[in-house]
Structures are given as structure tokens and as C-alpha cells.
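[1] Generate a structure from the sequence data that follows.
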Amino acid sequence: MSPGKVTINVLGASITISSDEKQLYLDSLLEIYKNEVEKTQKSTGLEDALKTAILTGFSLCDKIEKLRLEKKGLRRQQQEDDTDFQEAENLTLKLISQLDEVLEESTAEEKLITADILQTEEKLQTVYKLKNTVKNYPWGSPLWIPAMLGVPNPEAAPWAELWMGVHPEGPSRVNLNNGEEGPLLSELIENNRDYCLGEKVQKEFGCLPFLFKVLAAGKPLSIQVHPDRDLARQGWERENREGIDLKAPERNYKDPNHKPEIICALGPFTALCGFREAGEISKLLGIYSKNAHVILKESLDLLVTALKTNNENPHKAFLQALFEMNNDSRMLLASYAESEKNTNYPQYSAEWKLVSRLAKSNPTDPSILAPLYMNIIELNAGDAMFLPAGILHAYIEGLGIELMADSDNVLRGGLTNKHIDLNELFKVTKFDPHKPHIIKAPVITEGEEDFTYPSLCGDFSLRCLTGGRLNYSSSSPGIIIVTSGVLAVGGTDTILRKGEAAFIPAGAAQKGLEFSGNFTAYSASVP
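    Prediction:
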């Protein structure tokens, strides 16, 4: 049975529902519902979408119950006489009255919350502890993020990312002083813009411009690339015009922003990043294909040919040929990858091993050859690398701090069963050799307490902070997370333990804060 989809519109409110039911059946249900909504509006005079929907639902439940009773022979023959009709009308009017009371109470409560968020300068806090969103993607580790947060994970669910920021796909909330869950961080910022953002960030961005994450790759992620600002805006507007739902698997652009990023390892971290030189790719493929079945070897030779015959853009020609690999070669590739060791070339043992590993989870994907055409990057704790827009990359394994522009735009280029849009991928990718510069872990000497990782992006800046005692100051808002030890914020009752994060408003950062304790922490801010 092919699944169906129906969009319900009630006085400007809209919801789309996907179902395993046939489309014809869903369309008939929608027609029935529209008729019921019209009856409710005519009989009550309501225009409010919420009230109309609630009363329509109540009316339909009433009809279902009467049918049930009628089947049991319990329905009274006189249920629809004038007396019962009057009672039903009275009940409807009573429900409307109660709805008005509930909605008035809700509005009053919202006003109260807003008033609490829009605080006077005397009540504004120096820092705000955060409750952050966890993403349970299949490639996540069941151990690393729970261990950092000090929480159990008895189901061994994959905890892939911890998001800190205001992105609507995973927004942070403020924890109030009494320990209760407070408003969204975005609401706090919006209602206290001068204090939270500061003049510079308000003028340049108008919002918190970065998204801060802890990333735990227990398994390899897909090969991916992120757009620059112009391509992101164009893609966002185009997909909106085409009516592609934000949750649709074929949606490429979740927002109109670019997504450069920096990854900083918290332990051993393996990644693939950037194209190798064309000559190096040809050499590795030539060595790798020596013992391959004739059908597979012909396909691998075609990849080398693509690199050599297109002098203008060899990497683009290579990637196009890779995606065009025939099914017979794809089927042979995985078994060959798992068996071929190429022991005569021990200098490339890391490449052979990683191809074999990727083949186990992506058996018919020619992108398992990525270690032969992309650079293998090994980071130690504290090492980092910056990824500009347009650079192909894939995180293979490890725990790290990730900081990026406030975006969730991803174009996938292999090692995935998710949607791959080749046209958009080729539009976004930069087809030049690129070996990232590794920013080595800072060596903290006496008198040095923090280190700022160089960034080629004006949206964010990453700092590593270590205690003892240090002074923190910035002209912009920031988010800080403690990765080990305990950090106390001077002049406040705030103590941040391992795994805890806090928002630092620009107004507080500009005055300067004192951190003390035996800790390591990472902070995100605007340079």
C-alpha cells in the first residue's frame, strides 16, 4: 500500500499528516472534516481556529459514541428531540465559555513569562545555565556524551550531538535560579537584546550567529559538504517556492545560512577532509586495483582515466565517474575491499584498513573508496581543524567540540542511505585539492590560561579555557561548556560541573568575569 499525505487547513492554521492509508481514503476524510468544520462555524459563529478545531473534534466524538451506543441498542429514540437539542446547544456554549477562560489564562501566563524574561537590568543574571538538546542519530556513541553529562543511558541509545544555541531544530532552554526549566534561550535573547547580544552583534547579525555542539561519532558519518551564504540563501528560497516540507528527506536547505565550522578533538579523532592531489589519487587507485576482478578493475581504471583526461576539472570528472560506477562493480567492490590488504605497500595500510571498514557498513556504495581520494586526518586531544564552505569531509570516529555558523544545511556525498542531490552537491563542492591545516593543541605555560583557535569566519570564535583562575572578557555573547573539573563564576552562585553549559550575555562579558577552579572548558563567541 503506497502511503498518503493530507494537509488540513483551519482558518489559517495548517498541519500536514502522512499515513500508511491510501490517498483516496485520506482525501475523503479531509472532505468530511472540512464539512464538519463548516457546520461548527455556522452553528457557533466562531472564527478562532483553535476553538473551531476543538469543538469540531468534540462533535465528531459525540457522533462516534452515539453510533456505538446505537449498535448496542442503548440509544434512546428521542435523543434528537427539542429538549436534547437544547441541552447540546447549552453544552456547546458552556464549552466555548470554558475555552475562553482557558485561553485567557494561557494568554495571561504567557504575558507573565514574557515579563519575567524581559527583566530589569538589576534582575538580569551574569550567566544563565542551559538545558540543551541531544540528537540521537544512528552514528552516535552510546557512551561518550552520557559520560560527559554524568547521566545514565540504560537503553544504550546512540547519543550523537549535544546542541547549544538557538537553532529551531535543537534549541537550548534557560535553567532558572530555582532549578526549574525556563524559557528558550532565543526568547531570553529576543526580549533582552541590548544586554544579551551587545551593539556589535546586533548590528552585524541581529541574532546569536553560531551553533555550538559536542559531537560523538561512534560510527562514520556521511561524506558531506556545506554551502556558502549565497548558495544557502538561493537554495532555501528555491525549496520554499517549490513547497518542499522542512522535514522532507529530499530537503537540502533547512535555513538560509552558510555553515563553515571548526572541530576540536577531545580525544583521538579520525576524519576525512578535502580532495587529495589528482596524481596521488591515481597512484593509490592504481595500486589498490592490481588484484581486482577484471570487471571491477575496468571501473577503477575509468576513475583514473577521468582524472587524467579532464585537465580543467579532474576532481569533478572523477566524482562524476565514481557515482556512475555500474552495479556489477559496486557489488564486487565491497568483498574486494574487505579481503584486499595490499601488504606490499605498508605505507598505505591506514588507507586499506579504512576502505575495508567503510565497506562493512556501506557495501554497495563506491564512496567506500573515499580514503583513496580524500585526506585521512588524525587529531589528538586539543587539536582542531577549520572547514570552510564547499569542502568535502566526513567524521569517522571520536569525541569533539564542534562550532559552526547557526545552520543545519548539509549536502551529502556518499556513505549514506539518505538523499543525495548530485546537482546540488556538484554546485556546492569546491573541486580543488585541499589539505586542511591542523591547529595543534595549545601548550599552556605558566601565566597562560586560555587559547583562541584561529578562525577564518566572522560568525564564531573558539577558545580553550583552563583553571586555576582566569579573567574572561568579550565584546560579544558566548556559550561555555566545561569538559572536565569544576568552574565557579566569581560574584555569583553559579558553579558549572563537567558537561554543564551556560550562556554569557554580552553585557556581562564586556564587564569581565572571573572563573576559578580546576577545570577545562571551551567557549564559543563572536570574534
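
[2] wait, what's in contact with Ile223?
    Residues counted as contacts of Ile223 (CB atoms under 8 Å, 6 or more residues apart in numbering) are Leu272, Ser367, Ala370, Met374, Leu392, His393, Ala394, Arg412, Gly413, Gly414, Leu415, Thr416. Where C-beta positions appear, they are placed from N, C-alpha and C, glycine not excepted.

[3] The third one: what's its closest spatial neighbour, skipping adjacent residues?
    In space, and not counting its chain neighbours, Ala370 is closest to Leu272: 5.5 Å by CB to CB, 6 or more residues apart in numbering.

[4] pretty sure that neighbour is touching Pro371, no?
    Yes: in this structure, Leu272 is within contact of Pro371 by CB atoms under 8 Å, at 6.6 Å.

[5] Secondary structure of the residue nearest to Ala370: a strand, I assume?
    Yes: counting by DSSP: H, G, I helix; E, B strand; the rest coil, Leu272 is located in a strand.

[6] Look up how far Thr126 lies from it.
    42 Å (CB to CB, to the nearest Å).

[7] Who has more neighbours out of those two?
    Taking other CB atoms under 10 Å, Leu272 and Thr126 do not tie; Leu272 has more neighbours (23 against 18).

[8] hang on, Ile376 in a strand?
    Yes: if the criterion is three-state DSSP, then Ile376 is within a strand.

[9] how near is it to Phe269?
    12 Å.

[10] Counting neighbours, go ahead and name the busier of the two.
    Between Ile376 and Phe269, Phe269 has the larger neighbour count (other CB under 10 Å), namely 24 against 18.

[11] Columns secondary structure and distance to Ile438 on top of the contacts of Ile223, output as CSV?
    Below are the contacts of Ile223 laid out as CSV (DSSP: H, G, I helix; E, B strand; the rest coil; distance: CB to CB, whole Å):
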residue, secondary structure, distance to Ile438
Leu272, strand, 14
Ser367, helix, 24
Ala370, helix, 19
Met374, strand, 15
Leu392, coil, 17
His393, strand, 13
Ala394, strand, 17
Arg412, strand, 25
Gly413, coil, 22
Gly414, coil, 24
Leu415, coil, 23
Thr416, coil, 26
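
[12] if we take the residues you listed, which one ends up nearest to Gly485?
    Nearest to Gly485 out of the contacts of Ile223 is His393 (CB to CB; 31.1 Å).

[13] partner residues bridging that closest one?
    Gln224, Cys273 (DSSP bridges).

[14] can you pull the pLDDT of it?
    Model confidence at His393, given as pLDDT, is 98.

[15] now the one 3 residues further on
    The predicted structure scores Ile396 at 98 on the pLDDT scale.

[16] would you say Glu402 is within a strand?
    Yes: counting by three-state DSSP, Glu402 is located in a strand.

[17] mind listing what it touches?
    Here Glu402 is in contact with Glu161, Phe212, Lys213, Val214, Leu215, Glu261, Ile262, Ile263, Cys264 (CB under 8 Å, 6+ apart).

[18] where do the strands sit along the stretch 201-350 of the chain?
    210-217, 224-225, 261-265, 269-275 (DSSP state E, counting those that start in this stretch).

[19] Likewise for the stretch 401-527 of the chain?
    Going by DSSP E, counting those that start in this stretch, the stretch 401-527 of the chain shows strands at 411-412, 438-439, 450-453, 461-466, 469-472, 478-489, 495-497, 501-504, 513-516, 519-525.

[20] Not counting the fourth one itself, show me its contacts.
    Under the criterion CB under 8 Å, 6+ apart, residues 262, 264, 382, 384, 401, 403, 442, 444, 449-453, 455, 472, 480, 515, 519-527 lie in contact with strand 461-466.

[21] C-alpha coordinates for it, PDB please?
    Taking only C-alpha atoms (Å, rounded to 0.1, in the frame of the first residue of the first chain), the coordinates of strand 461-466 have been written out as PDB:
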ATOM      1  CA  SER A 461      35.500  32.000  17.700                       C
ATOM      2  CA  LEU A 462      36.500  29.000  19.800                       C
ATOM      3  CA  ARG A 463      38.500  29.300  23.000                       C
ATOM      4  CA  CYS A 464      40.000  26.700  25.300                       C
ATOM      5  CA  LEU A 465      40.000  27.900  29.000                       C
ATOM      6  CA  THR A 466      41.800  26.200  31.800                       C
END
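
[22] That one pairs with which strands?
    strand 450-453 (antiparallel), strand 519-525 (antiparallel).

[23] Quick one: the ones you listed as CSV, columns for distance to Thr133 and mean neighbour count too.
    As requested, those are exported to CSV (distance: least, CB to CB, whole Å; neighbours: other CB atoms under 10 Å):
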stretch, distance to Thr133, mean neighbour count
strand 450-453, 24, 16
strand 519-525, 16, 23
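
[24] could I get these as a markdown table with distance to Gln320?
    As requested, those are exported to a markdown table (distance: least, CB to CB, whole Å):
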| stretch | distance to Gln320 |
| --- | --- |
| strand 450-453 | 35 |
| strand 519-525 | 38 |
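
[25] any idea which of these scores lowest on pLDDT?
    Minimum mean pLDDT among those: strand 450-453, a mean of 90.

[26] picking that back up, figure out which of the strands of the stretch 401-527 of the chain is closest to Asn291.
    That would be strand 411-412 among the strands of the stretch 401-527 of the chain, by CB to CB, at 30.8 Å.

[27] if I pick the most centrally placed residue in the chain, what's in contact with it?
    Closest to where the C-alpha atoms of the chain average out (CA atoms, centre = their mean) is Asp408, at 5.2 Å. Shown in contact with Asp408 (CB under 8 Å, 6+ apart): His167, Glu169, Leu211, Lys254, Asp255, Lys259.

[28] does the first one really touch Leu211, like I thought?
    Spelled out, that is His167. Yes: counting by CB under 8 Å, Leu211 is a contact partner of His167 at 5.2 Å.

[29] need the contact list for the residue lying closest to Leu303 once chain neighbours are set aside.
    Spatial nearest neighbour of Leu303, excluding adjacent residues (CB to CB, 6+ apart): Ala321 at 5.3 Å. Ala321 makes contact with Leu302, Leu303, Thr305, Ala306, according to CB under 8 Å, 6+ apart.

[30] any idea which of those is closest to Asn240?
    Closest to Asn240 out of these is Ala306 (35.7 Å), distances taken as CB to CB.

[31] residues in contact with the closest one?
    Taking CB under 8 Å, 6+ apart, one finds Pro314, Ala317, Phe318, Gln320, Ala321 in contact with Ala306.

[32] Please report which of those residues has the highest neighbour count.
    Phe318 (24 neighbours).

[33] distance of that one from Ser282?
    Taken as CB to CB, the span from Phe318 to Ser282 is 9 Å.

[34] Identify the contacts common to these two.
    Counting by CB under 8 Å, 6+ apart, the residues touching both Phe318 and Ser282 are Leu307.

[35] Nearest approach to Lys135 belongs to which of the strands paired with strand 461-466?
    Using CB to CB, the nearest of the strands paired with strand 461-466 to Lys135 is strand 519-525, at 17.5 Å.

[36] And the contacts of the closest one?
    So strand 519-525 is contacted by 164, 210, 212, 264, 401, 403, 460-467, 472, 474, 476-487, 496, 504, 509, 515 (CB under 8 Å, 6+ apart).

[37] Among those residues, name the buried ones.
    With burial judged by 16 or more other CB atoms under 10 Å, the buried subset of the contacts of strand 519-525 is 164, 210, 212, 264, 401, 403, 460-467, 472, 474, 476-483, 487, 496, 504, 509, 515.

[38] isn't Lys341 right up against Trp352?
    Yes: checked against CB under 8 Å, the pair Lys341 and Trp352 is within contact range at 6.0 Å.

[39] No further queries at this time; thank you.
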